[in-house]
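Asker: quick check, what structure comes out for this input:
(4 chains)
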Number of protein chains: 2
Amino acid sequence: MTRIDTSRKILDCASRMFAQHGYDGTIMDDLAEQCGVNKASIYYHHKDKATLYDNALTAIFTPIADAVIEAVEAQVEPVKQLRVHIKTFARVTADNPCFASILMREMASGGANMPVPARQQMQRILFLLMRILQSGESQGVFRSSDALIIHFMIIGTLNLFVISIPLRQTLPATDQLEQLQNSNIESAADQVATTIIASLLVK
Amino acid sequence: MTRIDTSRKILDCASRMFAQHGYDGTIMDDLAEQCGVNKASIYYHHKDKATLYDNALTAIFTPIADAVIEAVEAQVEPVKQLRVHIKTFARVTADNPCFASILMREMASGGANMPVPARQQMQRILFLLMRILQSGESQGVFRSSDALIIHFMIIGTLNLFVISIPLRQTLPATDQLEQLQNSNIESAADQVATTIIASLLVK
DNA sequence: TGGCAATGTAACTAATCGGTTAATTCCATG
DNA sequence: CATGGAATTAACCGATTAGTTACATTGCCA
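Answerer: Alright, predicted model coming up:
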């Protein structure tokens, strides 16, 4: 094991455990065992449990906001921007399912004790969406809309989709359930984007 | 204090604490203090923490599914049914914010340890939506669609909206944030319903 | 090679937390 | 009023858990 990677390995493993069991449900001894690192090493690299949590969230949230912003800024038309916004968010969320779980948990807690850096990343995504909607509105292609609702539509729908992937796979295929198309994240993002954009376009 | 009242009082208080802090984050001593009951009384009325959690979730989820189903069945046209489905779900969710928090947490955990009765109530709501979409499809008013995505759109969006109410109220009103219309749950549900229905109607 | 950051080992602590116990109080009924 | 079961209580217990400590070991690099 190279020394540099240990801190990173702890972060990755901690992210998974925080995502699956939550902050209180994550036990430091289990974490040490899970990632094959001695408990003292965890405290050596990350001061304590709370700091480790902050570090993990920052490491998860920052690249996601970065990716969405970068992808959107490569576009110029608001309609394209919005579609890329949604599709990129879907892709990066599916790439790292920890994000959806942790975000959902934090939202459930009222976001009260959510680390500031992580919250800022979510705000970056929201503000980006607001800029897209406003530029579209000022260009006359979008009608006036509530950015927050659209933000929640994107995040709520796609996060639930990503989170439920393992659940749906283990579900017994009853008659009723098998009618559900087993769509992937790509088509889910397409549907969300198409639905939202259709309702935004001025008639 | 009659027997029924104490048990009910514990359930209500436990629901709030489970919603805010999660299962592991809810401490039985705190719960006892919060609802002004001796800790042993909790164990007297509800066997243990896990049973209390099951009881609380069943008490929360069942009336919500009941209300949605009852409201939808009072309608006949699929379009009306879908709108009522969404608006009723929004109303009952807003009435009891514990529901949204707990559901989000359970989804974040992969729904693995979600009590069976609670999961069944969610399935009732999903199956109801599937029946609405299918009857609309067979009547030629709805195009073919993925019920699961629509289910997630409804639940994800509205749950996030309800959950974020306290957060948004305590947020400092920065220049950017004050542009967000402070819409209530009614108008949010209207937007969700209108958006979804518009994308479903055959052209 | 010497020094230093990093890692491992393993025991320890102080506190927390779920759950229990035995005693006590409340209250309806005969 | 007496009685017996339901409900409540204070105190306690054992297990778990976050975090610490002391020390040995490894590997990198100047």
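Asker: quick check: the residue of chain A nearest DNA strand D.
Answerer: Taking C-beta to the nearest atom of the strand as the measure, the point where chain A comes nearest DNA strand D is A:Lys49, at 3.0 Å. The C-beta positions use only the backbone N, C-alpha and C, and glycine is treated the same way.
Asker: which ones are touching that residue?
Answerer: A:Lys49 is in contact with A:Tyr23, A:Thr26, A:Met28, counting by C-beta atoms under 8 Å, 6 or more residues apart in numbering or on different chains.
Asker: save those as JSON lines, and put in secondary structure and distance to DNA strand C too.
Answerer: Written out in JSON lines, the entries for the contacts of A:Lys49 read as follows (DSSP: H, G, I helix; E, B strand; the rest coil; distance: C-beta to the nearest atom of the strand, whole Å):
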{"residue": "A:Tyr23", "secondary structure": "helix", "distance to DNA strand C": "12"}
{"residue": "A:Thr26", "secondary structure": "coil", "distance to DNA strand C": "14"}
{"residue": "A:Met28", "secondary structure": "helix", "distance to DNA strand C": "10"}
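Asker: give the buried subset of those as a ChimeraX selection command.
Answerer: One line in ChimeraX is enough to select the buried members of the contacts of A:Lys49, burial here meaning 16 or more other C-beta atoms under 10 Å in any protein chain shown:
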select /A:23,26
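Asker: A:Gly111: which of the contacts of A:Lys49 is nearest?
Answerer: Checking the contacts of A:Lys49 against A:Gly111 by C-beta to C-beta gives A:Tyr23 as the nearest, at 13.3 Å.
Asker: pLDDT score for the closest one?
Answerer: What the model reports for A:Tyr23 is a pLDDT of 94.
Asker: so it makes contact with A:Leu52?
Answerer: No. Counting by C-beta atoms under 8 Å, A:Leu52 is not a contact partner of A:Tyr23; they are 9.9 Å apart.
Asker: about what we covered before: JSON lines for the contacts of A:Lys49, including distance to DNA strand D?
Answerer: Shown next, in JSON lines, are the contacts of A:Lys49 (distance: C-beta to the nearest atom of the strand, whole Å):
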{"residue": "A:Tyr23", "distance to DNA strand D": "9"}
{"residue": "A:Thr26", "distance to DNA strand D": "6"}
{"residue": "A:Met28", "distance to DNA strand D": "4"}
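Asker: how about A:Leu128, what does it touch?
Answerer: Contacts here follow C-beta under 8 Å, 6+ apart; on that basis A:Leu128 touches A:Val68, A:Ile69, A:Val72, A:His85.
Asker: sorry, wrong one. I was asking about A:Met114.
Answerer: With contacts defined as C-beta under 8 Å, 6+ apart, the neighbours of A:Met114 are A:Leu57, A:Glu106.
Asker: my read: A:Ile197 touches A:Leu82, true?
Answerer: Yes. Taking C-beta under 8 Å as the definition, A:Ile197 is a contact partner of A:Leu82 at 6.0 Å.
Asker: which of those two has more neighbours?
Answerer: Each of A:Ile197 and A:Leu82 has its neighbours counted (other C-beta atoms under 10 Å in any protein chain shown); A:Leu82 has more, 24 against 19.
Asker: name the SS class of that one, please.
Answerer: Taking DSSP: H, G, I helix; E, B strand; the rest coil as the rule, one finds A:Leu82 in the helix state.
Asker: report the secondary structure element holding the residue nearest to A:Ile69 when sequence neighbours are not counted.
Answerer: What sits nearest to A:Ile69 in space, not counting adjacent residues and going by C-beta to C-beta, 6 or more residues apart in numbering or on different chains, is A:Leu128, at 5.7 Å. Using DSSP states H and E, A:Leu128 sits in helix A:116-138.
Asker: A:Leu160 too?
Answerer: Take DSSP H and E as the rule and A:Leu160 turns out to sit in helix A:147-170.
Asker: wait, does the helix or strand following that helix contact chain B?
Answerer: Counting by DSSP H and E, the next helix or strand C-terminal to helix A:147-170 is helix A:185-200. Yes. Applying C-beta under 8 Å from any C-beta of the partner chain, one finds helix A:185-200 in contact with chain B at A:Ser187, A:Ala188, A:Gln191, A:Val192, A:Thr194, A:Thr195, A:Ile196, A:Ala198, A:Ser199.
Asker: what does stretch A:15-27 give?
Answerer: Yes. If you take C-beta under 8 Å from any C-beta as the test, stretch A:15-27 does meet chain B, through A:Ala19, A:Gln20, A:His21, A:Gly22, A:Tyr23, A:Asp24, A:Gly25.
Asker: who wins for neighbours among those?
Answerer: Greatest neighbour count in the residues of stretch A:15-27 next to chain B, by other C-beta under 10 Å, goes to A:Ala19: 25 neighbours.
Asker: so that one touches A:Cys98, yeah?
Answerer: Yes. With contact defined as C-beta under 8 Å, A:Ala19 and A:Cys98 form a contacting pair (3.9 Å).
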